[in-house]
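S.K.: no FASTA, just this:
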Ligand code: EPS
């Protein structure tokens, strides 16, 4: 299963195609739109979010609300496009100008002063773009809206097999929320969704609001940390046998691919480096029912690149958004003179939104790993393979006397 997205932040629309989805998956549009609305929320977002009201359109691959097995094509319109038709014209204006930037063209918003921390300069160097808008339009986190739609389809697939993925915010800048125990279940975590920062600590959120307001007044921005849990994941997804089959690499790679993410952890993460071995692992024990279990979940549900049946716990750190109203120093590439970096409309903080994207990318990678193991072209075929494997695992663990 794979997906592609296309679309610029201020172009007409974002598009996404998922190929390899099994037939027979029920597509719940309302659920997908709820996830899109969550991505638009969170305290600290900019004006763009009041322009857009993301709502998914399906173009193919679904019939009577069920997938057919053919590629699923989705479209998200950019309402803001009507304000950008000149600057982002697909043909007319650019063709007229033959690629040259004319200063007298005031209606076209060219960018030549790269923002430190954004893709502007490296993207300009790589593609030899003189107008850095060609870079930022695609580097913009607007693209993550389609990834949330794709991830929501993946989570509909996972929920069918009892797997739930949920996220929450545990820090905005230097303000930390109280830690959440690794055994917290998804229902408790989903309780974070209604709050300003999607965190589980209302007291910390009061301080987070002040922190954002201060950063805004300073013309600055803030990053933070979010956490993703996946519950009900069977043991045996991923593999230790080859580097690119290790699921921890795939999951963390997916999180790192979200714009602004600079660090990722699984389970204890960086803290494990400071602990002794005796304090860093999860002892294998027999629980009160006599079943093989684990004393805790420091590994975050992954050992040897394979899921071990415990809840997956991943964390990601997002840097502050690089667009600053009080901009950092830059050099204008058109004039080679020192200047202030360009200022675009932006967010002060998008960590709550990133937590929703995190949930989406983890759902996607888990659905892929699930299909790697229980591959099939229809939901029925996959369900049967999964069911058989569950019986085999019970037998392997000597629990086959337990009624299924
Ligand atoms: C975003 C859309 C963008 C930004 C933001 C995230 O819209 P616009 O550029 O029109 O304001 O609000 O993107 C960035 C901060 C960035 O650096 O790319 C979105 O839909 O998430």
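M.R.: Good, I have the coordinates. Because the structure is a prediction, the values reported are computed rather than measured.
S.K.: mind listing the helices for this protein?
M.R.: Defined through DSSP state H, the helices belonging to the chain, from first to last, are 29-40, 48-51, 92-97, 120-127, 133-139, 144-160, 186-190, 202-217, 247-256, 351-373, 379-396.
S.K.: So which elements touch the fourth one?
M.R.: So the one you mean is helix 120-127. Contact partners of helix 120-127 among helices and strands, from 3 or more C-beta pairs under 8 Å, 6 or more residues apart in numbering; DSSP states H and E: helix 133-139. Where C-beta positions appear, they are placed from N, C-alpha and C, glycine not excepted.
S.K.: quick one on the thing from earlier: may I see the helices of the chain arranged in a markdown table, with mean neighbour count as well?
M.R.: Output for the helices of the chain, formatted as a markdown table (neighbours: other C-beta atoms under 10 Å):
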| stretch | mean neighbour count |
| --- | --- |
| helix 29-40 | 18 |
| helix 48-51 | 14 |
| helix 92-97 | 12 |
| helix 120-127 | 16 |
| helix 133-139 | 21 |
| helix 144-160 | 24 |
| helix 186-190 | 15 |
| helix 202-217 | 16 |
| helix 247-256 | 21 |
| helix 351-373 | 26 |
| helix 379-396 | 14 |
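S.K.: Tabulate these (CSV), appending distance to the ligand and mean pLDDT.
M.R.: Formatted as CSV, the entries for the helices of the chain read as follows, by distance: least, C-beta to the nearest ligand atom, whole Å; pLDDT from 0 to 100:
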stretch, distance to the ligand, mean pLDDT
helix 29-40, 7, 97
helix 48-51, 4, 93
helix 92-97, 19, 58
helix 120-127, 10, 98
helix 133-139, 6, 97
helix 144-160, 6, 98
helix 186-190, 22, 86
helix 202-217, 14, 96
helix 247-256, 16, 98
helix 351-373, 6, 98
helix 379-396, 32, 97
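S.K.: Select, out of the ones you listed, the one closest to residue 226.
M.R.: Closest to residue 226 of the helices of the chain, according to C-beta to C-beta: helix 351-373, at 3.6 Å.
S.K.: Pull the number of nearby residues for residue 219.
M.R.: Counted with other C-beta atoms under 10 Å, the burial measure for residue 219 works out to 12 neighbours.
S.K.: if I pick the closest residue to it other than its chain neighbours, what's in contact with it?
M.R.: Nearest residue to residue 219, sequence neighbours excluded (C-beta to C-beta, 6 or more residues apart in numbering): residue 326, at 3.0 Å. When contacts are counted by C-beta atoms under 8 Å, 6 or more residues apart in numbering, residue 326 is found next to 218-220.
S.K.: so can I have TSV of these showing distance to the ligand and pLDDT?
M.R.: Listed next are the contacts of residue 326 as TSV, based on distance: C-beta to the nearest ligand atom, whole Å; pLDDT from 0 to 100:
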residue	distance to the ligand	pLDDT
218	17	96
219	15	96
220	13	96
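S.K.: and which of those is nearest residue 198?
M.R.: Residue 198 has its nearest neighbour among these in residue 220, at 21.7 Å by C-beta to C-beta.
S.K.: give the contact list for the residue lying closest to the closest one once chain neighbours are set aside.
M.R.: With sequence-adjacent residues excluded and distances taken as C-beta to C-beta, 6+ apart, residue 220 is closest to residue 324, at 5.9 Å. The contact partners of residue 324, by C-beta under 8 Å, 6+ apart, come to 115, 219-221, 341, 343.
S.K.: repeat that with 10 Å
M.R.: By C-beta atoms under 10 Å, 6 or more residues apart in numbering, residue 324 lies in contact with 115-117, 215, 218-221, 340-341, 343, 346, 348.
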